[in-house]
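Novice: Give me a 3D structure for the following:
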Amino acid sequence: MAAAGSPSVFLVAVTGQIESGSFPGFDDLYCKFCFVYGQDWVPTAGLEEGISQITSTSDVSPTTLVWNFPIDITFKSTNPSGCECWVWGAAPSLSSPLTFPSSAGPQIVVSVYGPDFFGHDVVRGYGAVHVPFTPGRHTRTIPMFVPESTSRLQQFTSWFTGRRPEFTDPRVVAQGEGREVTRVRSQGFVTISFNVVTKDMKKLGYDVTPSDMQDPSLGPLTEGMHMY
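Specialist: Sure thing, here's the model as predicted:
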């Protein structure tokens with residue numbers, strides 16, 4: 001039995017923002033986000049999904065769209081495996097209900113939308129990245145992509161009708177099954193910043209301190225500092 005008062009789970013608190021995007025040739029875009037995670041992870045606070053405001057480029061930065069849209073969520077778990085290094089795979093087909101390996105660490109899935117020539121809202125990019133697990137501030141740049149039609153006729157029809165190929169559930173971006181039969185095209189980038197705080201990980205025997213912080217050759221942080 002665990003000792004009285006010893007923690008049975010650890011917490012990972014994540015704040016930050018979807019800072020900006022770069023989608024040359026497109027303007028007036030907004031983004032949506034959602035978190036995807038395995039059964040070993042449980043959100044205890046914050047928002048699991050959200051939608052930003054519409055933003056436009058400026059004369060100062062003609063290729064950058066600034067959202068600065070906040071994210072804030074806290075997870076609890078007993079199993080850190082799969083965080084930020086979970087390999088895509090072992091997931092269901094795109095036609096089956098979405099489930100993820102129980103140890104799959106949290107990922108944030110971002111979808112960007114904007115108007116086409118006819119004013120229809122169409123997807124301008126999908127992307128996903130694992131939530132960092134090391135305490136501190138982190139910045140991630142996500143390469144975005146869009147699904148493509150498989151023939152010229154379908155491409156023309158989707159352009160004319162404003163019904164471009166898109167995923168019915170953006171969470172499929174966070175899994176690997178079916179990617180070999182899905183035609184996509186790279187399109188744009190999104191930058192996200194994370195501020196990560198963990199609790200009780202060391203008490204459960206997990207150490208996520210960066211290796212360079214553990215290097216004895218660096219010496220104590222206070223070495224060589226004068227006390228006033």
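Novice: all helices of the chain, in order?
Specialist: 152-161 (DSSP state H).
Novice: longest strand of it?
Specialist: Counting residues, the longest strand found in the chain (DSSP state E) is strand 184-199.
Novice: List the buried residues in that one.
Specialist: 187, 188, 189, 190, 191, 192, 193, 194, 195, 196, 198 (16 or more other C-beta atoms under 10 Å). Any C-beta I mention is one placed from the backbone N, CA and C, and that applies to glycine too.
Novice: now stretch 199-211
Specialist: So for stretch 199-211, counting by 16+ other C-beta under 10 Å, buried means 201, 208.
Novice: circling back to that earlier point, for the buried residues of strand 184-199, which one is nearest residue 78?
Specialist: Nearest to residue 78 out of the buried residues of strand 184-199 is residue 198 (C-beta to C-beta; 13.4 Å).
Novice: which residues does the closest one bridge with?
Specialist: residue 12 (DSSP bridges).
Novice: so who does it touch?
Specialist: Residues in contact with residue 198 (C-beta atoms under 8 Å, 6 or more residues apart in numbering) are 10, 11, 12, 13, 133, 135, 208.
Novice: how close does it get to residue 207?
Specialist: Going from residue 198 to residue 207 by C-beta to C-beta, to the nearest Å gives 10 Å.
Novice: For the residue nearest the centre of the chain, which residues are in contact?
Specialist: Centroid check for the chain by C-alpha atoms, centre = their mean gives residue 108 as the closest residue, at 2.5 Å. Listed by C-beta under 8 Å, 6+ apart, the contact set of residue 108 reads 33, 34, 35, 36, 71, 128, 129, 131, 192.
Novice: same thing but 7 Å
Specialist: Going by C-beta atoms under 7 Å, 6 or more residues apart in numbering, residue 108 touches 33, 35, 128, 129, 131, 192.
Novice: next one: phi and psi at the closest residue to the fifth one other than its chain neighbours?
Specialist: Which is residue 131. Nearest non-adjacent residue to residue 131, counting by C-beta to C-beta, 6 or more residues apart in numbering: residue 106, 4.4 Å away. Main-chain torsions, residue 106, degrees, to the nearest 10: phi -60, psi 140.
Novice: Regarding stretch 55-74, how distant is the last residue from the first?
Specialist: The first and last residues of stretch 55-74 sit 27 Å apart, counting by C-alpha to C-alpha, to the nearest Å.
Novice: For it, which residues meet the burial criterion?
Specialist: Buried residues in stretch 55-74 (16+ other C-beta under 10 Å): 55, 57, 64, 65, 67, 69, 71, 73, 74.
Novice: where does residue 176 land on pLDDT?
Specialist: Note on residue 176: pLDDT of 70.
Novice: Dump stretch 134-145 to PDB, keeping only the CA atoms.
Specialist: Extracted C-alpha coordinates of stretch 134-145, given in PDB (Å, rounded to 0.1, in the frame of the first residue of the first chain):
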ATOM      1  CA  THR A 134       9.500  19.500 -19.400                       C
ATOM      2  CA  PRO A 135       8.700  22.400 -17.100                       C
ATOM      3  CA  GLY A 136       9.300  25.800 -18.500                       C
ATOM      4  CA  ARG A 137       8.500  27.800 -21.700                       C
ATOM      5  CA  HIS A 138       8.500  26.100 -25.100                       C
ATOM      6  CA  THR A 139       7.800  27.200 -28.600                       C
ATOM      7  CA  ARG A 140       6.700  24.900 -31.300                       C
ATOM      8  CA  THR A 141       6.200  25.600 -35.100                       C
ATOM      9  CA  ILE A 142       3.700  23.200 -36.600                       C
ATOM     10  CA  PRO A 143       3.900  22.400 -40.400                       C
ATOM     11  CA  MET A 144       0.300  22.500 -41.700                       C
ATOM     12  CA  PHE A 145      -1.200  20.500 -44.500                       C
END
